[in-house]
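S.K.: kindly generate the corresponding structure for this input.
(one chain, ligands or ions: 1)
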Amino acid sequence: MASERPTPPVARPVVHRDVVCPFCGLGCDDLTVEEEPPSTLAVRSTDCPVARERFSRTPPAEAPRVAGVSVPLAEAVDAAAAVLAAAQAPLVAGLGTDVNGARAALSLAERLGAAVDHALSDGLYRNLAVLQRTGWIATTLAELRNRCDLLVVAGPDPAALHPRLFERWVAPAPAFQTPPSREVVFLCGAPLDSTLAALSNLPVTILPGDPARVGDVAAALAAALAEPSRAAGAAGIAAEDIAALAERLRKARYAVVAWAAAAFASPHADLTVERLVQLVRDANRHTRCAGLPLAGHDNVVGVNQVCTWRFGVPLRTSLAGGAPLHDPHRFAWARYAAVADAVVWVSAFRPEVPAFPAERTLIVLAPPGTALADEPAVFIPVGTPGIDHAAHVFRSDTVVALRARGLIDRGLPDAATVLKAIAAALPEEAPAC
Ligand code: SF4
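M.R.: Predicted coordinates:
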């Protein structure tokens, strides 16, 4: 009689629920992620293209390299410290890392007397420049969701950068309105199909116009708010549409003007932001109105927070002279890289590093599988926050730091550990005479 063989157990994927997504600053905390051992992740609960792509990039760990040769971590750390000890004008940048990584990077930069900046600070500075010049009235994602009855989206659809913005923060009915109502107006930007699908239960108005001139439309709206009879068209939007939107703004109980400055293509995008901020200010003569500047990929908002609480000034700061020197033009990383002799580039959220001139000595901390134009002097693979290790990242609206938990163990160190080790391996500073 043939004996029956027991069927081998089928390995089931590990399911992680209520996962916090650390990637774009919206702070979605409802993801379901399946893990196929040893280290393959797949997002199952949302079609968000950013989350799906970022969680799926988990190749196996690889060894650190010095001049292209695989070495133990301690050897790579020593090599990085030796390079940095000899540097005259170092730059610590990229800074795609969690709060702990940012603290360690800024401590290293302070020790080196380096300039510091985040890879994505261009978009951030289109907003910060206005905040520094004029101040602003800004709101939070929670206020948007619970109170806003009129959302004006200025310029290109922010969902291209923050894919679940409308699904998570606009489509749900406001909690603090009786009866709940909400209307969305797209100004000079065509909503994506996914945005229209997410907003299918709400009245949506699209006012097509030149996205590069959305600042002109903001100015026209501000003028129409002040004097309705003098409403004028702007950027391809007719005068009667400007007048109607100004009237709607006047009657709103809580209007929000949202924009994603990183998506603005005009060369002086901060001036566009300034006009939007001014529109918000003018609307407050008639009703409650607030701006919602959207940013936050790769924890740029959190890293800027850390820099500000640490040194009293935001990113784009040099620590070379003993006291922080903030200059958003001079210390923008792309500009300062032209004069720096050594660059520490941290990119823990994505396996991408920009090309640098060959004469720069480059130390890269990035995930395994990072594409590099040229082999850096030192490459140290690090884990991704919220995938390989627990991490705090800031939400786009700056008011909430979310804790993302680690999901898998590829045996990769986190960026903070490596940066602290490099700082510890630097030669002792000579005592002051
Ligand atoms: S919208 Fe942003 S935070 Fe939300 S799942 Fe997508 S990438 Fe993550």
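S.K.: the helices in the stretch 251-400 of the chain, which residues?
M.R.: Along the stretch 251-400 of the chain, counting by DSSP state H, counting those that start in this stretch, helices occupy 269-283, 300-311, 333-336.
S.K.: TSV for these, including mean pLDDT?
M.R.: Shown next, in TSV, are these (pLDDT from 0 to 100):
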stretch	mean pLDDT
helix 269-283	97
helix 300-311	97
helix 333-336	97
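S.K.: tell me which of the ones you listed sits nearest to H162.
M.R.: helix 300-311 (12.1 Å; CB to CB). All C-beta atoms are positioned from the backbone trio N, CA, C, and that covers glycine.
S.K.: if I pick the residue in the stretch 101-250 of the chain that the ligand sits nearest to, what's in contact with it?
M.R.: Across the stretch 101-250 of the chain, the shortest distance to the ligand (CB to the nearest ligand atom) belongs to R164, at 3.6 Å. Going by CB atoms under 8 Å, 6 or more residues apart in numbering, R164 touches 26, 28, 46, 48.
S.K.: now do C289
M.R.: C289 touches 137, 249, 252, 254-257, 280, 283, counting by CB under 8 Å, 6+ apart.
S.K.: so what sits opposite it in the bridge?
M.R.: When bridges are called by DSSP bridges, C289 pairs up with A255.
S.K.: what's the answer for I206, then?
M.R.: Per DSSP bridges, the residues bridged to I206 are F186.
S.K.: which element follows the worst-scoring helix or strand of the chain on mean pLDDT toward the C-terminus?
M.R.: Ranking every helix and strand in the chain by mean pLDDT, DSSP states H and E puts helix 121-134 at the bottom, with a mean of 93. For helix 121-134, the succeeding helix or strand toward the C-terminus, using DSSP states H and E, is helix 141-147.
S.K.: how far does the following helix or strand past that following helix sit from its chain's centre?
M.R.: Downstream of helix 141-147, the first helix or strand assigned by DSSP H and E is strand 150-154. With CA atoms, centre = their mean, to the nearest Å as the basis, strand 150-154 stands 21 Å off its chain's centre.
S.K.: can you give me the strands for the stretch 301-433 of the chain?
M.R.: Ranges of strands in the stretch 301-433 of the chain, per DSSP state E, counting those that start in this stretch, are 317-318, 325-326, 342-347, 361-366, 378-381, 391-394, 401-404.
S.K.: include mean pLDDT and distance to A220 when you put those strands into JSON lines, please.
M.R.: Below are those laid out as JSON lines (pLDDT from 0 to 100; distance: least, CB to CB, whole Å):
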{"stretch": "strand 317-318", "mean pLDDT": "98", "distance to A220": "37"}
{"stretch": "strand 325-326", "mean pLDDT": "98", "distance to A220": "35"}
{"stretch": "strand 342-347", "mean pLDDT": "98", "distance to A220": "41"}
{"stretch": "strand 361-366", "mean pLDDT": "98", "distance to A220": "45"}
{"stretch": "strand 378-381", "mean pLDDT": "98", "distance to A220": "52"}
{"stretch": "strand 391-394", "mean pLDDT": "98", "distance to A220": "34"}
{"stretch": "strand 401-404", "mean pLDDT": "96", "distance to A220": "38"}
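S.K.: out of those, which comes closest to P156?
M.R.: Minimum separation from P156 across the strands of the stretch 301-433 of the chain (CB to CB) falls at strand 391-394, 23.1 Å.
S.K.: all strands for the stretch 1-150 of the chain, in order.
M.R.: 14-19, 31-36, 40-43, 65-66, 69-70, 90-96, 115-116, 150-154.
S.K.: and among those, the most buried is which?
M.R.: Highest mean neighbour count of these: strand 115-116, a mean of 30 (counted as mean count of other CB atoms under 10 Å).
S.K.: and it, what does it pack against?
M.R.: Packing partners of strand 115-116 (3 or more CB pairs under 8 Å, 6 or more residues apart in numbering; DSSP states H and E): strand 90-96, helix 99-112, strand 317-318.
S.K.: so can I have a markdown table of those showing distance to the ligand?
M.R.: Formatted as a markdown table, those follow (distance: least, CB to the nearest ligand atom, whole Å):
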| stretch | distance to the ligand |
| --- | --- |
| strand 90-96 | 14 |
| helix 99-112 | 16 |
| strand 317-318 | 28 |
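S.K.: which parts of the stretch 201-350 of the chain sit against the ligand?
M.R.: Residues of the stretch 201-350 of the chain lying close to the ligand (CB under 6 Å from any ligand atom): none.
S.K.: can you list the helices of the stretch 251-400 of the chain in JSON lines and add distance to D414 and mean neighbour count?
M.R.: Converted to JSON lines, these look like this (distance: least, CB to CB, whole Å; neighbours: other CB atoms under 10 Å):
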{"stretch": "helix 269-283", "distance to D414": "34", "mean neighbour count": "23"}
{"stretch": "helix 300-311", "distance to D414": "15", "mean neighbour count": "22"}
{"stretch": "helix 333-336", "distance to D414": "22", "mean neighbour count": "18"}
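S.K.: OK, contacts around A262?
M.R.: Per CB under 8 Å, 6+ apart, neighbours of A262: 120, 122-123, 126, 161, 295, 297.
S.K.: ok, now which ones touch the residue lying closest to R395 once chain neighbours are set aside?
M.R.: The shortest distance from R395 to any residue other than its chain neighbours is 4.1 Å, reached at G27 (CB to CB, 6 or more residues apart in numbering). With contact set as CB under 8 Å, 6+ apart, G27 has these partners: 20-21, 141, 393, 395-396, 400, 402.
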